[in-house]
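[1] make a model of this:
(one chain, ligands or ions: 2)
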Amino acid sequence: MTTETGATTGTDEPTTDPVAELTASFTELYGHAPEGIWAAPGRVNLIGEYTDFNDGFVMPLALPHTALAAVSRRTDGELRLHSTDVPGGVVQLRLDELAPHQGHGWAAYPAGVVWALREAGHPVTGADIQLSSTVPTGAGLSSSAALEVVTALALNDLFGLGLSLPELAVTGRRAENAFVGVPCGIMDQMASACCTEGHALYLDTRDLTRRQVPFDLSARGLRLLVVDTQVKHALGDGAYAERRAGCEAGAAALGVATLREVPYAALGEALATLAASGADESVVRYVRHVVGDNERVERVMALLDAGDARAVGPVLDAGHASLRDDLRVSCPELDLVVSAAGAAGALGARMTGGGFGGSAVVLVEEERAEQVAEAVRKAFAEAGHTAPRIFPAVPSAGARRLV
Ligand code: ADP
Ligand code: MG
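    Ligands and ions are numbered 1, 2, ... in the order given. Down below sits the predicted model:
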């Protein structure tokens, strides 16, 4: 599904033309050619973690890894779904029988998008869809959002629905929340839909206002490495909901709708209020993380605007410390990436995504990239961990039609 690349090469370089390959595969599968092919990327979050369900700020960038969808319309109320990346045949569903929480495995993501569009009154009458993705799954790089967004965009174009990219992102999130049953925030779908090449996306998750922040790493002699630890600790499953509930309890104790309402300048006062109100010690830590990470997003944006990308490194380190010590969503493998990269001369590093495994990002001078990657691999080998997968995050384009 994904190809291995070294830390010093640019992007995945397919040996064949993926569009031609998917066109041929779709045609063989369904007996007719697709009407078009669309792409939507995975993403990695530079800074702003566990902030999106608090109406806060995030700053993701799109990866060169994408989900492709070959699609043609149907008029008979049938939905046929296939992924080149999972074993098994075509999943065939009736549109009028689609309902939340029916299972369907991986097919629930694209089926949920069709369901969400039809729920909102859009005239989707059926489709043949084949998906094929280079986004690593379950690595915290949003393979699920890529599937949702690429499906939504293709159907939007084919059925002339006239939805904007943010509206398609909202549709994808609704599919994941209500149909698949995963309580994710809006960051992943917005990143996949709205990122642009050479930029990180500053996103206010309260009202989806956003800005493209210049993040041309190679022009500045820098590299952002993604280190996929390839581990996923079971602990993570309930932890997201627990952190979410803790943040809501913190907001309630402070008398605000969400932690977004707490300005960084008022953090000390807020923590004192929480302590005095007898709030759980964990709630105090969660509030400190969320308010702090919102401020770190603002700080990173200011640094990038000022052309000082190197100074982002220490902010990443501070973000990791907060996720490890206050939110407590890191794990030994992620901590090891950060410490080994730092010891080998990286500018900064942090875990990214939900934690308990998944991936970390490492900001590094271009000429040191291979050396830092090697140091991380060596540290993993010495600790007896599975070898991590390391590749550069080249800020890439968001969702688009290819043909
Ligand atoms: P993440 O989004 O971080 O990669 P998730 O658990 O949210 O992790 O989503 C992963 C799930 O998305 C997979 O288990 C699978 O159901 C679905 N998925 C992702 N990519 C594909 C693909 N190429 N083909 C089929 N299903 C996929
Ligand atoms: Mg996901």
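[2] contacting residues for residue 187?
    By C-beta atoms under 8 Å, 6 or more residues apart in numbering, the contact set of residue 187 is 43, 45, 48, 52, 58, 60, 203, 205. C-beta coordinates here come from the backbone N, C-alpha and C atoms, glycine included.
[3] what sits against whatever residue of the stretch 251-400 of the chain ends up closest to ligand 1?
    Closest contact between the stretch 251-400 of the chain and ligand 1, by C-beta to the nearest ligand atom, is at residue 353 (6.5 Å). By C-beta under 8 Å, 6+ apart, the contact set of residue 353 is 44, 45, 49, 139, 140, 141, 359.
[4] do residue 86 as well
    105, 106.
[5] mind checking the SS state of it?
    Secondary structure, DSSP: H, G, I helix; E, B strand; the rest coil: residue 86 is coil.
[6] surely residue 81 is in contact with residue 108?
    No. The pair residue 81 / residue 108 is not scored as a contact, 9.6 Å apart, by C-beta atoms under 8 Å.
[7] compare those two (neighbour count), which wins?
    Legend: neighbour count by other C-beta atoms under 10 Å for residue 81 and residue 108, higher for residue 108 (26 against 22).
[8] what about the residue lying closest to residue 264 once chain neighbours are set aside, neighbour count?
    In this structure, residue 264 finds its nearest non-sequential neighbour in residue 295, 3.9 Å apart by C-beta to C-beta, 6 or more residues apart in numbering. Neighbourhood size, residue 295 [other C-beta under 10 Å]: 19.
[9] ok so residue 295 is a helix residue?
    Yes. Judged by three-state DSSP, residue 295 forms part of a helix.
[10] could you report the pLDDT at it?
    Looking at residue 295, its pLDDT is 98.
[11] likewise residue 236?
    What the model reports as pLDDT for residue 236 is 74.
[12] how about residue 16?
    So, for residue 16, pLDDT stands at 86.
[13] that one: what's it in contact with?
    No contacts exist for residue 16 under C-beta under 8 Å, 6+ apart.
[14] gap between it and residue 269?
    To residue 269, residue 16 is 59 Å away according to C-beta to C-beta, to the nearest Å.
[15] now do residue 284
    For residue 284, the distance to residue 269 - C-beta to C-beta - is 13 Å.
[16] next, the buried residues of the longest strand seen in the chain.
    Using DSSP state E, we find that the single longest strand of the chain is strand 57-73. Buried residues in strand 57-73, counted by 16 or more other C-beta atoms under 10 Å: 57-72.
[17] from the contacts of residue 353, which two are the most distant?
    49 and 139 (15.2 Å; C-beta to C-beta).
[18] next, count neighbours for residue 158.
    Residue 158, neighbours per other C-beta under 10 Å, totals 17.
[19] that one reaches residue 38, doesn't it?
    No. Assessed by C-beta under 8 Å, residue 158 is found out of contact with residue 38, at 9.4 Å.
[20] between these two, which contacts overlap?
    With C-beta under 8 Å, 6+ apart, residue 158 and residue 38 have common neighbours residue 71.
[21] Three-state assignment for the closest residue to residue 183 other than its chain neighbours, please.
    Setting aside the residues directly before and after it, residue 183 is nearest to residue 177 in space (C-beta to C-beta, 6+ apart), at 6.1 Å. Look at residue 177: counting by three-state DSSP, its state is helix.
[22] what helix or strand is the residue nearest to residue 208 when sequence neighbours are not counted located in?
    Using C-beta to C-beta, 6+ apart and skipping residues adjacent in sequence, the residue nearest residue 208 is residue 166, 5.3 Å away. Per DSSP states H and E: residue 166 is located in helix 165-174.
[23] all helices of the stretch 51-200 of the chain, in order?
    Along the stretch 51-200 of the chain, counting by DSSP state H, counting those that start in this stretch, helices occupy 108-119, 143-158, 165-174, 187-194.
[24] packing partners for the second one?
    Contacting helix 143-158 under the criterion 3 or more C-beta pairs under 8 Å, 6 or more residues apart in numbering; DSSP states H and E are the following elements: strand 36-47, strand 57-73, helix 108-119, strand 127-133, helix 165-174, helix 187-194, strand 400-401.
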